[in-house]
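Novice: sequence plus the predicted model coming up.
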Amino acid sequence: MRGLDLRIAPGERVLILGESGAGKSTLLHALAGVVGDDEGESEGSLLVDGEHPTAHRGRTGLVIQDPDSQVILERVGDDVAFGCENLGVPRDEIWRRVRHSLEQVGLDVALDRNTSALSGGQKQRLALAGVLAMQPGLIVLDEPTANLDPEGVVEVRDAVIRVAESTGATIVVVEHRVSVWSDVVDRVVVLAAGGGAIADGSPTDVLSRQGEELAARGVWVPEFPPARPVRSQRAAQQTLITTQDLFVGRAKRAVAAPSDLGIVSSRAIAITGPNGSGKSTLALTLGGLLPPVGGAVVAAPALAAGAGEHPIRWKSRELLTRIGTVFQDPEHQLLTSTVRAELEVGPRALSLPETEMDARVDELLTRLRLEHLANANPFTLSGGEKRRLSVATALATRPQVLVLDEPTFGQDSRTWSELVILLAKLVDDGGSVIAVSHDQEFVAALADSTVVLA
């Protein structure tokens, strides 16, 4: 992100938009004083209350895109209290704020609950609660509702607005989905991928005057929905995975799953439900990465192909061409120092010829708009780019079943459309997709059936 001239008044609520990779997260990190100097490079000037942002770290609250990276302490209450303690807030006031903040964001768990037992969406609420408890003068939020259930989206957004109204805090939020924030912000700023801003004004003015142009650049504009896949005739269906009296869970906490769940080729299944209901745990169990708490996940002969009927017992190499899994947090499966090398990991493990490996990698780089980043370190990519890379690494081995956890978070409308079209083609050609998602538009565009966890 470069060449941006921007002035934000005290108390303003600003929504930052732009295509994937335009520098939105970088801007927020700069405002919070955690980029520049020893980390990254900077030019020009950036002032918060007339001073360098590092002088206001206690007065600026940042919620980052990856909630896992913002969890600090083992217990929920201690984690929310951490920022207040560093600001020297009196003890009694700290715990009043902790309880109030958790209530505001709808995280109804015990204060001594282990933070590692929280789902991704619950960790997102936890991170926001920690920021709100600090009562900062500037609140900067990076995709704060990306992994939340629909009820949680409204709950979290409204909590932020209530805090702003009661404290006068300034809000700067990055969110791809315009409709979530457009009614509660004063201003929309759209960053250009090449630098600077291509739009700056009230939500009504920006979206009505430049809506078509912005949509063409990948901005989510409600009046210009992204293209959905045109489905072709599908390959013949066959059963690949069935479950038998399945219970899934972690840390001795079980979540009941449908006992008659069947995964069939040429079909896409969406797993939905509120945060903490066990969606990710079910997906990892179906993917052969977590053992069932009870019952069994059984692979049909068409999928097992001699590897045995229980995926949890398969070796990594056996999983590669049978079941590919994309984790909720892309960074949890990054292994190498370049994007191209990341895409080569699976094909190399399969000992594919160099020419075939290069062809697969080049195709995925192009299809998912990552070709200009082929030599970049994966950890320097934006959140949306990391998500597309993690999907691409799973696709590189061409598994029969693809398990995806929140595959569309961080995507602009253009990359969202390209990703959904790619997954639809995989299904139409005989593959099977299991997707955990709160993205209702994604579910409507791809899923043939939906499993709802309570």
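Specialist: Good, I have the coordinates.
Novice: got the CA positions of the biggest helix by length in the chain in CSV?
Specialist: Using DSSP state H, we find that the single longest helix of the chain is helix 150-167. Coordinates of each C-alpha in helix 150-167 appear next as CSV, following Å, rounded to 0.1, in the frame of the first residue of the first chain:
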residue,chain,number,x,y,z
PRO,A,150,-25.0,-14.6,10.8
GLU,A,151,-26.3,-13.8,14.3
GLY,A,152,-22.8,-13.2,15.5
VAL,A,153,-22.1,-10.8,12.6
VAL,A,154,-24.8,-8.5,13.8
GLU,A,155,-24.0,-8.9,17.4
VAL,A,156,-20.3,-8.1,17.0
ARG,A,157,-21.0,-5.1,14.6
ASP,A,158,-23.5,-3.7,17.0
ALA,A,159,-21.2,-4.1,20.0
VAL,A,160,-18.5,-2.0,18.2
ILE,A,161,-21.0,0.7,17.4
ARG,A,162,-22.3,0.8,21.0
VAL,A,163,-18.8,1.3,22.3
ALA,A,164,-18.1,4.0,19.7
GLU,A,165,-21.3,5.8,20.7
SER,A,166,-20.6,5.7,24.4
THR,A,167,-16.9,6.6,24.2
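Novice: beyond it, next helix or strand please.
Specialist: Downstream of helix 150-167, the next assigned helix or strand under DSSP states H and E is strand 170-174.
Novice: strands paired with that following strand, and their directions?
Specialist: In the sheet, strand 170-174 lines up against strand 13-17 (parallel), strand 138-142 (parallel) (DSSP bridges).
Novice: pLDDT on that strand, on average?
Specialist: For strand 170-174, the mean per-residue pLDDT is 97.
Novice: where does pLDDT dip in the stretch 51-200 of the chain?
Specialist: Low-confidence segments of the stretch 51-200 of the chain, defined by pLDDT under 70: none present.
Novice: which residues in it form strands?
Specialist: Using DSSP state E, counting those that start in this stretch, the strands of the stretch 51-200 of the chain run over residues 60-63, 138-142, 170-174, 187-191, 197-201.
Novice: adding mean neighbour count and distance to A396, write these out as CSV.
Specialist: For every residue, glycine as well, the C-beta is placed using N, CA and C. Shown next, in CSV, are the strands of the stretch 51-200 of the chain (neighbours: other CB atoms under 10 Å; distance: least, CB to CB, whole Å):
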stretch, mean neighbour count, distance to A396
strand 60-63, 24, 32
strand 138-142, 24, 28
strand 170-174, 24, 29
strand 187-191, 23, 31
strand 197-201, 18, 34
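Novice: for those, which one sits closest to G83?
Specialist: When the strands of the stretch 51-200 of the chain are compared by CB to CB, strand 60-63 sits nearest G83, at 7.5 Å.
Novice: who are the packing partners of the closest one?
Specialist: Helices and strands touching strand 60-63, by 3 or more CB pairs under 8 Å, 6 or more residues apart in numbering; DSSP states H and E, are helix 24-31, helix 120-133, strand 138-142.
Novice: most tightly surrounded among those?
Specialist: helix 120-133 (a mean of 27; mean count of other CB atoms under 10 Å).
Novice: now that one - C-alpha only, CSV.
Specialist: C-alpha atoms of helix 120-133 as CSV (Å, rounded to 0.1, in the frame of the first residue of the first chain):
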residue,chain,number,x,y,z
GLY,A,120,-12.3,-19.8,15.3
GLY,A,121,-15.4,-17.7,15.5
GLN,A,122,-15.3,-17.7,19.3
LYS,A,123,-11.6,-16.6,19.2
GLN,A,124,-12.7,-13.7,16.9
ARG,A,125,-15.2,-12.6,19.6
LEU,A,126,-12.5,-13.0,22.3
ALA,A,127,-10.1,-10.8,20.4
LEU,A,128,-12.7,-8.1,20.0
ALA,A,129,-13.7,-8.3,23.7
GLY,A,130,-10.1,-7.7,24.7
VAL,A,131,-9.9,-4.6,22.5
LEU,A,132,-13.3,-3.2,23.7
ALA,A,133,-12.3,-3.7,27.4
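Novice: could you check the angle that helix makes with helix 150-167?
Specialist: Going by axes from the mean of the first three to the mean of the last three CA atoms, to 10 degrees, helix 120-133 is angled at 10 degrees with respect to helix 150-167.
Novice: what helices or strands is helix 120-133 leaning on?
Specialist: strand 60-63, helix 76-86, helix 91-105, strand 138-142, helix 150-167.
Novice: TSV for these, including distance to G273?
Specialist: Output for the helices and strands packed on helix 120-133, formatted as TSV (distance: least, CB to CB, whole Å):
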stretch	distance to G273
strand 60-63	23
helix 76-86	21
helix 91-105	19
strand 138-142	24
helix 150-167	11
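Novice: of all these, which one is nearest A22?
Specialist: Comparison of the helices and strands packed on helix 120-133 against A22 by CB to CB identifies strand 138-142 as nearest, at 13.0 Å.
Novice: related to what we said a few turns ago, is it possible to get JSON lines of the helices and strands packed on strand 60-63 that adds distance to L282?
Specialist: Below are these laid out as JSON lines (distance: least, CB to CB, whole Å):
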{"stretch": "helix 24-31", "distance to L282": "30"}
{"stretch": "helix 120-133", "distance to L282": "14"}
{"stretch": "strand 138-142", "distance to L282": "27"}
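Novice: need the strands of the stretch 51-200 of the chain in TSV (columns: distance to E51).
Specialist: As requested, those are exported to TSV (distance: least, CB to CB, whole Å):
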stretch	distance to E51
strand 60-63	11
strand 138-142	12
strand 170-174	15
strand 187-191	22
strand 197-201	23
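Novice: wait, which of the ones you listed is closest to R125?
Specialist: strand 60-63 (10.0 Å).
Novice: where is the longest strand in this protein?
Specialist: Counting by DSSP state E, the longest strand found in the chain is strand 239-250.
Novice: and it, what's buried?
Specialist: Within strand 239-250, the residues that count as buried by 16 or more other CB atoms under 10 Å are 239-243, 246-250.
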